[in-house]
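Asker: here are the coordinates; sequence isn't available:
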């Protein structure tokens, strides 16, 4: 019995990799399309329509490596959408992981056709939620920076920010910006792109209107990407959206791994409980 368990434990990683590889190679099934009916794109468009012309959008870029793959296509489409609408972007990161991912995305913008005069890198501000409080009071500008966005932020400070796009992860997400930024800097449109794991904690803020628009599931993201009119800036979005079958297979694998771990933890606890009962 032990030999069989040991063999199964050794073969399990290879079997999971084979499942993911097969899901990647098999053509997408029509019944598993990610895009479907969703109100998220309409709420997103309404929030962006509420911004003033040539508005400055603070992009709080703090996803994490573990969940960024889920939201990356939606994030890239959202950035391209803001450029298409002629808004100005000010990117800032408050976590090391977020900063690393932000640098990669900014390098991608440099390689694309995003006008460099329409976005600025505010850099890394350490301190997580304490940094949000600092940003609500004043905006720290890079030394030697110049241009329209810098001038407006220098003159108006936090009041010059017309809207916020929060790209969240497990460590720092939209909830922190709702609770720490909005009460100090005043009400303004707050949009969020976040992984599905944050959905339970963000839905109450959507219902109260503190988060004006949320793309928080693969389906919401797919529906938004299908409806976004990006024009020539379509190249800033992902050319090939994620296929549904590999995503589904990945979810099944993740559930299986987590479930097996919970079972392994529960069995020793039950055995110890039985042993104590026998001793009594």
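Answerer: Done, it's in. Only a predicted model underlies this, so the values are computations on that prediction, with no experimental measurement involved.
Asker: tell me the centre residue of the chain?
Answerer: Centroid-nearest residue in the chain: residue 194, 3.6 Å away (criterion: CA atoms, centre = their mean).
Asker: and the nearest residue to that one once chain neighbours are set aside, how far from residue 89?
Answerer: In space, and not counting its chain neighbours, residue 194 is closest to residue 168: 4.2 Å by CB to CB, 6 or more residues apart in numbering. In short, each C-beta sits where N, CA and C put it, glycine included. Taking CB to CB, to the nearest Å as the measure, residue 168 falls 17 Å from residue 89.
Asker: the two: who's more crowded?
Answerer: Between residue 168 and residue 89, counted using other CB atoms under 10 Å, residue 168 has the larger neighbour count: 27 against 21.
Asker: mind listing the strands for the stretch 151-280 of the chain?
Answerer: Applying DSSP state E, counting those that start in this stretch to the stretch 151-280 of the chain gives strands spanning 163-167, 190-193, 213-215.
Asker: what's the helix or strand for residue 75?
Answerer: Residue 75 belongs to helix 68-84 when assigned by DSSP states H and E.
Asker: buried sites along that helix?
Answerer: Using 16 or more other CB atoms under 10 Å as the burial criterion, the residues of helix 68-84 that qualify are 68, 70-84.
Asker: and the pLDDT for residue 62?
Answerer: Looking at residue 62, its pLDDT reads 96.
Asker: ditto for residue 112
Answerer: 77.
Asker: burial count for residue 125?
Answerer: Neighbours around residue 125, by other CB under 10 Å: 19.
Asker: burial of the nearest residue in space to it that is not next to it in sequence, as a residue count?
Answerer: In space, and not counting its chain neighbours, residue 125 is closest to residue 131: 4.3 Å by CB to CB, 6+ apart. When neighbours are counted by other CB under 10 Å, residue 131 registers 21.
Asker: which ones are touching the nearest residue to residue 123 once chain neighbours are set aside?
Answerer: Among residues not flanking residue 123 along the chain, residue 142 sits closest, at 6.0 Å (CB to CB, 6+ apart). Going by CB atoms under 8 Å, 6 or more residues apart in numbering, residue 142 touches 120-123.
Asker: so which of the residues you listed are in strands?
Answerer: 120-123 (DSSP state E).
Asker: any stretches of the stretch 1-150 of the chain with poor pLDDT?
Answerer: 1-13, 15-17, 19-37 (pLDDT under 70).
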